[in-house]
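Participant: Attaching a predicted model along with its sequence, questions to come.
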Amino acid sequence: MQNTLSTPACFEGFGLHSGTAVRMVVRPAPADHGIWFRRSDIADRDPAVRALWSAVTPSRLCTVIENAGGVSVSTIEHIMAALAGSGIYNAVIDIDGPEVPILDGSAVPFVKGFLAAGLEDLQAPVRAIRVLKPVEVREGLAMARLEPAEMLEIDFRISFVDAAIGDQSRSMNMANGAFVRELSDSRTFCRQADVLAMQAAGLARGGSLQNAVVFDGDQVLSPGGLRHADEPVRHKMLDALGDLALAGGPLLGRYVGVRAGHALTNQLLRALFADASAHDIVECGPQTLGKLPGIGVHVGDLPLRA
């Protein structure tokens, strides 16, 4: 069964990097439509951009997609994670600016909006991408790998010199609402030195202590502290789910990330689809459907603080 929204879900906020005020409406779409962004502020070119791995353009700070006419949408990783984690494979996202609103820096506001709008079963089969053999990409100390598995699993490890972050690792499967319960409220994070450098370069204009966890050495500067003791690695897993959702359908495989970021995960998808022997498209039967992220998600899965 393919899911979409029952009614539109609306979100308003500022872009983290651009500081631009944005209104975004996520609308239902028919089976096999996929996820498309549509820039409502663009009139002179094709405003539609498909959320797909091949549309990703280089960016160090976030995930950016762009169509052939040069129309782009940035910072899509959190809403893509929310869509995948809610089992939504078809949607049209109308947005009147260049960047998805950052909201609180996590994916939970999107998930809440989707569940409030309601989910509709489109009575169409789900086709998943099954990983058939290991595929790996590396860049310096960073590595990302996909391995065969019966369901989507994410294993992530990070290492930072800041004592408040340090070395963190976490591994979990994404079935049975695990994303919504365990990862969806984990916020983007950065170091205070990086914030100052980005602001000096005219970036992070929409950033604040309200939509990102900011670390300075052994201190957490954001009011209220951390939502989870290992919130940084949980957020990295959230990002990974959002970037993997650009495969064009649910993945059946194990993702391993070591210090990996958006660009490396996109390189991994490109390597996967460049090798016909590394993947296959399968129609999900009832047993496999039950293992997909978001299947059966309900309001009770939301974190208590949401």
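Facilitator: Structure received.
Participant: contacting residues for the closest residue to Arg157 other than its chain neighbours?
Facilitator: Sequence neighbours aside, Ser169 is the residue nearest to Arg157 in space, at 4.2 Å (criterion: C-beta to C-beta, 6 or more residues apart in numbering). Glycine gets a C-beta too; all of them are placed from N, C-alpha and C. By C-beta atoms under 8 Å, 6 or more residues apart in numbering, the residues touching Ser169 are 155-158, 233.
Participant: go with 7 Å
Facilitator: 156-157, 233 (C-beta atoms under 7 Å, 6 or more residues apart in numbering).
Participant: do Asp185 as well
Facilitator: By C-beta under 7 Å, 6+ apart, the contact list for Asp185 reads 106, 108, 227, 303, 305-306.
Participant: Okay, and the residue in the chain sticking out farthest from the centre sits in which element?
Facilitator: In the chain, the greatest distance from the average C-alpha position (C-alpha atoms, centre = their mean) is reached by Asp44, at 29.2 Å. Assessed by DSSP states H and E, Asp44 sits outside every helix and strand.
Participant: quick one: it and Arg23, what's the gap?
Facilitator: Asp44 sits 20 Å away from Arg23, going by C-beta to C-beta, to the nearest Å.
Participant: Next: Asp239.
Facilitator: Counting by C-beta to C-beta - Asp239 and Arg23 are separated by 24 Å.
Participant: What of Gly105?
Facilitator: Gly105 is 19 Å from Arg23, by C-beta to C-beta.
Participant: Could you do Gly166 as well?
Facilitator: In terms of C-beta to C-beta, Gly166 sits 39 Å off from Arg23.
Participant: any chance you could map the helices in this structure?
Facilitator: Remark: helices assigned in the chain by DSSP state H are 77-85, 108-117, 178, 192-200, 231-244, 262-274, 286-289.
Participant: so which of the ones you listed comes closest to Ala142?
Facilitator: helix 262-274 (5.6 Å; C-beta to C-beta).
Participant: contacts for the closest one?
Facilitator: Contacts of helix 262-274 (C-beta under 7 Å, 6+ apart): 53, 56, 58-59, 62-63, 77, 135, 137, 139, 142, 144, 146, 239-240, 243-244, 246-247, 278-279.
Participant: From those, which land in strands?
Facilitator: 56, 135, 137, 139, 142, 144, 146, 279 (DSSP state E).
Participant: Now, of those, which are buried?
Facilitator: Buried members of those, counted by 16 or more other C-beta atoms under 10 Å: 56, 135, 137, 144, 146, 279.
Participant: Any chance of JSON lines for these, columns distance to Phe215 and pLDDT?
Facilitator: Shown next, in JSON lines, are those (distance: C-beta to C-beta, whole Å; pLDDT from 0 to 100):
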{"residue": "Val56", "distance to Phe215": "28", "pLDDT": "98"}
{"residue": "Val135", "distance to Phe215": "32", "pLDDT": "98"}
{"residue": "Val137", "distance to Phe215": "27", "pLDDT": "98"}
{"residue": "Ala144", "distance to Phe215": "23", "pLDDT": "98"}
{"residue": "Leu146", "distance to Phe215": "30", "pLDDT": "98"}
{"residue": "His279", "distance to Phe215": "37", "pLDDT": "98"}
